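A.B. asks: Predicted coordinates and the sequence they were generated for:
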Amino acid sequence: QKEVEQNSGPLSVPEGAIASLNCTYSDRGSQSFFWYRQYSGKSPELIMFIYSNGDKEDGRFTAQLNKASQYVSLLIRDSQPSDSATYLCAPQGGKLIFGQGTELSVKP
Amino acid sequence: EAQVTQNPRYLITVTGKKLTVTCSQNMNHEYMSWYRQDPGLGLRQIYYSMNVEVTDKGDVPEGYKVSRKEKRNFPLILESPSPNQTSLYFCASSLQGGEKLFFGSGTQLSVL
């Protein structure tokens, strides 16, 4: 089993909708997670870091961590076309392994 | 400006011709890493380094070499490139292993 798994998509949502991106992980010892956003042809950039169970909000972005179920999710409210990108999750620690990423497409 | 600098940005080469992709960071980071990115496969780690003179294999190290003689530099060496190494490569660094990564701009490599 891969350490981190994401649905590669593409996930298509209309402008203004909520986009929900999910990530499951196999290592029960993982305590905290990064979410990176990567525009096509560009390098990844960090958008969220979550280290405790529950929700963390930053503007239109909310990260949710559920350690019991071993998943972490990213919600994007009021999705905009500029949110169209690939979103990668990675558990913090060690050599930093990424999921394969979920491609999000927000349609005007 | 704090940054990770990769060169070259684009590289076309032929099978078997040795090449080096350079990576340098000016943030005094201890941790550096190389990834390759292929469609549908995400970012896969090639090699990483926790500190000077300490390097370790990632998930896809075959056909690659690295060295970490100085803290700021972490070159990626392909001694005999093959077409299956055609990919988008990223160098990244962080203050310590497992922390927020800062990425270079990427190197698009084509091996003919």
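C.D. replies: Sure thing, it's come through. Numbering: from 1, shown residues only, chains lettered A, B, ... in the order given.
A.B. asks: partners of residue A:6 in the sheet?
C.D. replies: On the basis of DSSP bridges, residue A:6 is bridged to residue A:23.
A.B. asks: That one reaches residue A:35, doesn't it?
C.D. replies: No. The criterion here is C-beta atoms under 8 Å, and residue A:6 misses it with residue A:35 at 10.6 Å. Quick note: C-beta positions are derived from backbone N, CA and C, even for glycine.
A.B. asks: and residue B:70, what does it touch?
C.D. replies: Contacts for residue B:70 (C-beta atoms under 8 Å, 6 or more residues apart in numbering or on different chains) come out as residue B:52.
A.B. asks: What of the one 4 residues further on?
C.D. replies: With contacts taken as C-beta under 8 Å, 6+ apart, residue B:74 has the following neighbours: B:23-25, B:32-34, B:49, B:66-68, B:91, B:93.
A.B. asks: Quick check: chain neighbours aside, which residue is closest to the residue of chain A found nearest chain B?
C.D. replies: Proximity to chain B, evaluated over chain A using C-beta to the nearest C-beta, is greatest for residue A:100 at 3.2 Å. Distances taken as C-beta to C-beta, 6 or more residues apart in numbering or on different chains put residue B:42 closest to residue A:100, at 3.2 Å, once the chain neighbours are dropped.
A.B. asks: wait, what's in contact with the one you found?
C.D. replies: Contact analysis of residue B:42 by C-beta under 8 Å, 6+ apart lists A:6, A:8, A:88, A:98-101.
A.B. asks: Residues contacting stretch A:31-45, please?
C.D. replies: By C-beta under 8 Å, 6+ apart, the list of residues contacting stretch A:31-45 from outside reads A:23, A:25, A:46-52, A:61, A:63, A:65, A:67, A:72, A:74, A:85-93, A:96, A:98, A:101, B:43, B:90, B:100-101, B:103-106.
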